[in-house]
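Visitor: Here is my input, please return the structure:
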Amino acid sequence: MKFLTSFLILAAIALSTSASLAAPSDTSVEDQLTVSNALRIGSGPDGKLYQLLVRDMQTVCGGAVPILNVPSVGGIPNLMGLSANQLELGIVQLDTLQKFGKDGDENIQSLQAVMPLHTNLLHILTMHDGYKVGEASKSIIPGFSLHDVRETHFVRNFSDLKDLKVAAVGSTMVLGQRLNDQNKMRMDLRKAETDDDAVALLQANKVQAIFTDGGWPLPSIARYKSDSGLALVNYDLPASAPFVVVKRSYQNLDAFNLKFLGSPNLLVTRPFKPGGEMGKKVAALQACLLKHLDELQEGRFQAAWKEIKSPTDTLGVTRFEKSK
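Guide: Numbering: from 1, shown residues only. Model (predicted):
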């Protein structure tokens, strides 16, 4: 039953973003021909790291192989797009790939890894000054108000979220369910379409925290300042494979050496024949990324490239190999 519930939620997320997995209908004939010859890579929402990484790929390797950046919510619709032949490649978290591949969609089980990428971090936001518990007192005399006697509670660590309401953005709904099951947190997860929607719920005291994910530094987190009233939450529980716990800082929110729950990302592709047209293009992209990895890590590109230590280690997922 838990698997069925998770599948239905994931399917709903994928369907809600299916329109973003198709080429724009108002493109010119020339543009459509370009799109038809390009490798369509499922990335992520505007401004988030998945999409920024694909743009880096276009900058460095676009001359070697045409690349089309296809925005989506993230890893889940990317998997759906790959399964439905709407994408040639996509970025996905290892835990998401494992969840869908195990006893699930054969098309997802057969996906191959082009290379490992950065680690996706679960970012947890809450109100810096805490949240109110109980009903606000009301004056029975018109024109007068009573002192607010509601209790104020604070969320500083992940373990403080037990029994609380949490707005989950995108695929963090599934991660939240997994964390509920593993740690008996009993969090009341509320789906939020965007980070802005989740923040609105938090500021209205309708939820006590937000789940959103992405690589560090996450633009949707880095945009907030210390006077925004928001604060990041420390992940204080142990992690089991494939998850890891890493420390990162966000100076803009006065958060230093905070612990985050992370899951490795992979750039994956469909199992194209190495000698076929698409297989040759995927091989060209793979070779280009490996050749220019130093440039991506040391040049003016996203900091996430620096996290790649062993570019041929695909974390147990079958690696895409070019024809010999």
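Visitor: Only C-alpha atoms from now on, for both contacts and neighbour counts.
Guide: Noted.
Visitor: Helices along this protein, start to end?
Guide: 2-16, 29-37, 49-61, 75-83, 94-101, 106-109, 172-183, 195-203, 219-222, 277-291, 293-298 (DSSP state H).
Visitor: Which stretch among these is buried most, on average?
Guide: Highest mean neighbour count among those (mean count of other Cα atoms under 10 Å): helix 75-83, with a mean of 25.
Visitor: So which elements touch that one?
Guide: helix 2-16, strand 89-93, helix 94-101, helix 106-109 (3 or more Cα pairs under 8 Å, 6 or more residues apart in numbering; DSSP states H and E).
Visitor: how about 7 Å then?
Guide: Judged by 3 or more Cα pairs under 7 Å, 6 or more residues apart in numbering; DSSP states H and E, helix 75-83 is in contact with helix 2-16, strand 89-93, helix 106-109.
Visitor: what's the offset of it from the middle of its chain?
Guide: In terms of Cα atoms, centre = their mean, to the nearest Å, the centre of helix 75-83 is found 13 Å from the chain centre.
Visitor: So for it, mean pLDDT?
Guide: Taken as a whole, helix 75-83 has an average pLDDT of 94.
Visitor: And the average pLDDT for stretch 124-144 is what?
Guide: 74.
Visitor: ditto for stretch 271-279
Guide: On average, stretch 271-279 scores 94.
Visitor: what's that stretch in contact with?
Guide: With Cα atoms under 7 Å, 6 or more residues apart in numbering as the test, stretch 271-279 has contacts from 110-112, 280, 321-323.
Visitor: which one of the residues you listed is nearest Thr119?
Guide: The nearest member of the contacts of stretch 271-279 to Thr119, counting by Cα to Cα, is Gln112 at 18.3 Å.
Visitor: Enumerate every residue touching the closest one.
Guide: Applying Cα under 7 Å, 6+ apart, the residues near Gln112 are 268-271, 317-320.
Visitor: measure it to Lys273 for me?
Guide: Going from Gln112 to Lys273 by Cα to Cα, to the nearest Å gives 12 Å.
Visitor: sorry, back to before: could you list which of the contacts of stretch 271-279 belong to strands?
Guide: Mapping the contacts of stretch 271-279 onto strands (DSSP state E) picks out Gln112.
Visitor: correct me, but Leu253 touches Ala231?
Guide: Yes - in this structure, Leu253 is within contact of Ala231 by Cα atoms under 7 Å, at 6.4 Å.
Visitor: ok, back up a step: mind telling me which of the helices and strands packed on helix 75-83 the model trusts least?
Guide: helix 2-16 (a mean of 46).
Visitor: Run the chain-centre distance for stretch 235-251.
Guide: On the basis of Cα atoms, centre = their mean, stretch 235-251 sits 15 Å off its chain's mean C-alpha point.
Visitor: and that stretch, how far apart are its ends?
Guide: 18 Å.
Visitor: Now do the buried residues in it.
Guide: For stretch 235-251, the neighbour count (16 or more other Cα atoms under 10 Å) marks 235-236, 243-245, 249-250 as buried.
Visitor: Distance to His153 added to the helices of the chain, as TSV?
Guide: Putting the helices of the chain into TSV (distance: least, Cα to Cα, whole Å) gives the following:
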stretch	distance to His153
helix 2-16	31
helix 29-37	52
helix 49-61	33
helix 75-83	34
helix 94-101	32
helix 106-109	43
helix 172-183	21
helix 195-203	14
helix 219-222	23
helix 277-291	48
helix 293-298	42
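Visitor: Mind checking those for the one nearest to Trp305?
Guide: It's helix 293-298; of those, that one is closest to Trp305 (Cα to Cα) at 5.2 Å.
Visitor: Quickly note the distance from Leu267 to Asn257.
Guide: Taking Cα to Cα, one finds Leu267 at 28 Å from Asn257.
Visitor: Between these two, which has more neighbouring residues?
Guide: Shown here are Leu267 and Asn257; by other Cα atoms under 10 Å, Leu267 has more neighbours (22 against 12).
Visitor: Now do the contacts for the more buried one.
Guide: 89-92, 113-117.
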